[in-house]
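Fold the following for me, if possible:
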Amino acid sequence: MRTLTEQFPLVSELIAAKELFWANPGYEPFERGSANVSLSQEDVTEAEDRLRRFAPYLAQVFPELKENGGIIESPLVEIASMKAYMERQYLERQYMEQQSMDQHFDPKLAGRLLLKCDSHLPVSGSIKARGGIYEVLKHAEELAIRHGLQTRGESAPSQLPARGAASHDGGQSHDDYSALEGGQPHADYTALDSEKFRDFFSQYSVAVGSTGNLGLSIGIMSARIGFKATVHMSADAKQWKKDLLRSKGVTVVEYVSDYSKAVEEGRKQAAQDPKCYFIDDENSVDLFLGYATAASRLSKQLEEMNIRVDAEHPLFVYLPCGVGGGPGGVAFGLKLLFQDHVHCFFAEPTHSPCMLLGMMTGLHDGISVQDIGMDNVTAADGLAVGRPSGFVGRMMEPLLSGCYTVDDSTLYRLLQAMAATENIRLEPSALAGALGPVQLLSTASGQEYIRRHQLQDRMSRAAHIVWATGGSMVPKEIMEEYLSKK
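Below you'll find the predicted structure:
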């Protein structure tokens, strides 16, 4: 431990559970930083195409998606009243406190402050609807094609695929299941919403380990399509999330230990069943790509709001981080689109800073917060992860601008302020992103990041996006507890 704290002095502050900001020294210009990254825009485009193929099916099975043509997307809204609150309660106070410390910063939050409301994504009410639903759909598609039941119909959003479209899958195996629907494989993905397809999928199962929201998205989608679904849930998972899953016919296995143990046990049990597909939040490329599809849609929303992203108009994005797949995928997609003009930061609880610890030490999944004596106990259940994804940490090492930590008490204050100023109700973990602009603008390391990247004169033209990750499905009585918590 002494060697670690000597090599990385910030570890001592992590152990003390202080709110802090860490600028990533390994961050590189996009062209150089992305040179050794194994994924590309083509991979993200393939994921976008798959979601378009499934859009008619999704619109048919989830009424809340009908209006949007089966596309799972969330609003981007300006939060000017919350911005005024952040200036008044944080920046101006810290400005006054630091006047005597020769640390100067502008007490105003320059630029525009926006909220990306993945908290209100249809179907499962969190960012996990992006990656979780995508991977379940991909697995279903691959099974259906492999058994000669489906072809990859090409379609534009909100349009049914043409029947008889050629499959892009090399060789299809035609076994007994090819007799479904008269023995002809479908290009029309709405055909998956039938008893015959559900009977086919019911022979297979899907499993996942989760603190809550990923389990909701995967459990709800798997059960709807016909899979047997099992969610292995850590001790941090909220009871209402377990109850909701069970009401959808999902098997919930509860653990008294944390997230990593739930994943480990889920993975182990799934390995014993050849027809069980385990969605591995720690290592899944498909989850990652599902999240990455958010970038192109966000780009369109920014255009609609007349918000430019270029050298003179920097974009800052603040993403709550648990194991890392969700924020990592979103950040990766944004870097592909906006390259050096977007600056992505991960936000973690002060008691669960696993990604910050893993990236700062370079040990990634080789170290956990428990290894340095931390308890990994936080009200932000979706972020209660002790060991980060090594896959995501290494992928983001040259692309991530930095990380910062947020105390539970701050999360509750911000939750209450968001409800009071904007009438937007979120769960605690969704507020981790909201402290990002304050940490960037008011801390010494944040100001140094701005100077190092020559952003001082561009901040007035910047856009700051707080990524709200969940909250719309929180039961009313639980939300009232959040809003009244002191």
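
Now residue 259. Nearest residue, chain neighbours left out?
Of all residues not flanking residue 259 in the chain, residue 234 sits nearest, at 4.4 Å (CB to CB, 6 or more residues apart in numbering). Heads up, the C-betas are built off the backbone N, CA and C, glycines and all.

same question, residue 424
Residue 424 sits nearest to residue 418 (CB to CB, 6+ apart), 5.2 Å away.

ok, that neighbour - contacts?
If you count contacts by CB atoms under 8 Å, 6 or more residues apart in numbering, residue 418 has them with 79, 82, 424, 425, 426, 431, 434.

Those in helices, which ones?
residue 82 (DSSP state H).

Buried residues in the one helix or strand residue 114 maps to, which are they?
Remark: residue 114 resides in strand 112-117, with elements defined by DSSP states H and E. By neighbour count on 16 or more other CB atoms under 10 Å, the buried set for strand 112-117 is 112, 113, 114, 115, 116, 117.

in its sheet, what does it sit against?
strand 76-78 (antiparallel), strand 463-468 (parallel) (DSSP bridges).

Including distance to residue 214, could the buried residues of strand 112-117 go into TSV?
Converted to TSV, the buried residues of strand 112-117 look like this (distance: CB to CB, whole Å):
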residue	distance to residue 214
112	31
113	28
114	25
115	22
116	18
117	18
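
Name the nearest of the residues you listed relative to residue 245.
residue 117 (22.8 Å; CB to CB).

Was I right to think the closest one contacts residue 76?
Yes. Between residue 117 and residue 76 there is a contact under CB atoms under 8 Å: 7.3 Å.

ok, residues contacting stretch 2-14?
Against stretch 2-14 from outside (CB under 8 Å, 6+ apart): 15, 20, 22, 353, 356, 357, 360, 361, 369, 372, 374, 405.

Where does pLDDT dip in the stretch 51-200 of the chain?
95-105, 153-186 (pLDDT under 70).

for it, what spans make up the helices?
For the stretch 51-200 of the chain, applying DSSP state H, counting those that start in this stretch gives helices covering 80-86, 92-98, 128-146, 195-201.

now the last one: how far from the chain's centre is it?
Using CA atoms, centre = their mean, to the nearest Å, we find the averaged C-alpha position of helix 195-201 to lie 30 Å away from the chain's own average C-alpha position.

next one: the third one
Averaging C-alpha coordinates over helix 128-146 and over its chain gives two centres that are 17 Å apart (CA atoms, centre = their mean).

Check which helices and strands it sits against.
Counting by 3 or more CB pairs under 8 Å, 6 or more residues apart in numbering; DSSP states H and E, the packing neighbours recorded for helix 128-146 are helix 41-61, helix 195-201, strand 205-210, helix 213-225, strand 276-279, helix 285-292, helix 325-338.

which of the residues in that helix are buried?
Per 16+ other CB under 10 Å, helix 128-146 contains these buried residues: 128-141, 143-146.

For the residue positioned nearest the centre of the chain, which residues are in contact?
The centre of the chain sits closest to residue 326, judged by CA atoms, centre = their mean, with a distance of 2.5 Å. Going by CB under 8 Å, 6+ apart, residue 326 touches 127, 128, 130, 131, 291, 319, 320, 469.

Repeat that for residue 359.
Residues counted as contacts of residue 359 (CB under 8 Å, 6+ apart) are 24, 26, 388, 393, 396, 397, 400, 403.

Make JSON lines out of the helices and strands packed on helix 128-146 and add distance to residue 7.
Formatted as JSON lines, these follow (distance: least, CB to CB, whole Å):
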{"stretch": "helix 41-61", "distance to residue 7": "35"}
{"stretch": "helix 195-201", "distance to residue 7": "51"}
{"stretch": "strand 205-210", "distance to residue 7": "32"}
{"stretch": "helix 213-225", "distance to residue 7": "33"}
{"stretch": "strand 276-279", "distance to residue 7": "36"}
{"stretch": "helix 285-292", "distance to residue 7": "30"}
{"stretch": "helix 325-338", "distance to residue 7": "25"}
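
Helices of the stretch 251-400 of the chain, start to end?
Ranges of helices within the stretch 251-400 of the chain are 259-270, 285-292, 294-304, 325-338, 354-361, 390-396, based on DSSP H, counting those that start in this stretch.

Kindly reformat the ones you listed as CSV containing mean pLDDT and distance to residue 59.
Below are these laid out as CSV (pLDDT from 0 to 100; distance: least, CB to CB, whole Å):
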stretch, mean pLDDT, distance to residue 59
helix 259-270, 88, 31
helix 285-292, 98, 18
helix 294-304, 98, 16
helix 325-338, 98, 23
helix 354-361, 98, 35
helix 390-396, 97, 31
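
For residue 461, find the nearest of the ones you listed.
Per CB to CB, nearest to residue 461 of the helices of the stretch 251-400 of the chain: helix 294-304, 13.3 Å.

ok, how many other residues are close to residue 239?
11 (other CB atoms under 10 Å).

buried residues in the longest strand anywhere in the chain?
Of all the segments assigned as strand in the chain under DSSP state E, the longest by residue count is strand 342-349. By 16+ other CB under 10 Å, the buried positions in strand 342-349 come out as 342, 343, 344, 345, 346, 347, 348, 349.

Closest to residue 226 out of the residues you listed?
Closest to residue 226, out of all of the buried residues of strand 342-349 and judged by CB to CB, is residue 346, at 35.7 Å.

Quick check: that closest one vs residue 218, distance?
Relative to residue 218, residue 346 is positioned 22 Å away (CB to CB, to the nearest Å).

Run through the stretch 201-350 of the chain and note the low-pLDDT ranges.
In the stretch 201-350 of the chain, no residues with pLDDT under 70.

nearest to residue 486, of the helices and strands packed on helix 128-146?
Of all the helices and strands packed on helix 128-146, helix 213-225 comes closest under CB to CB, at 25.8 Å.

what's the spacing between that closest one and its chain's center?
That offset, for helix 213-225, works out to 15 Å (CA atoms, centre = their mean).

Compute the inter-axis angle for that helix and helix 128-146.
40 degrees (axes from the mean of the first three to the mean of the last three CA atoms, to 10 degrees).

Thanks a lot, catch you later.
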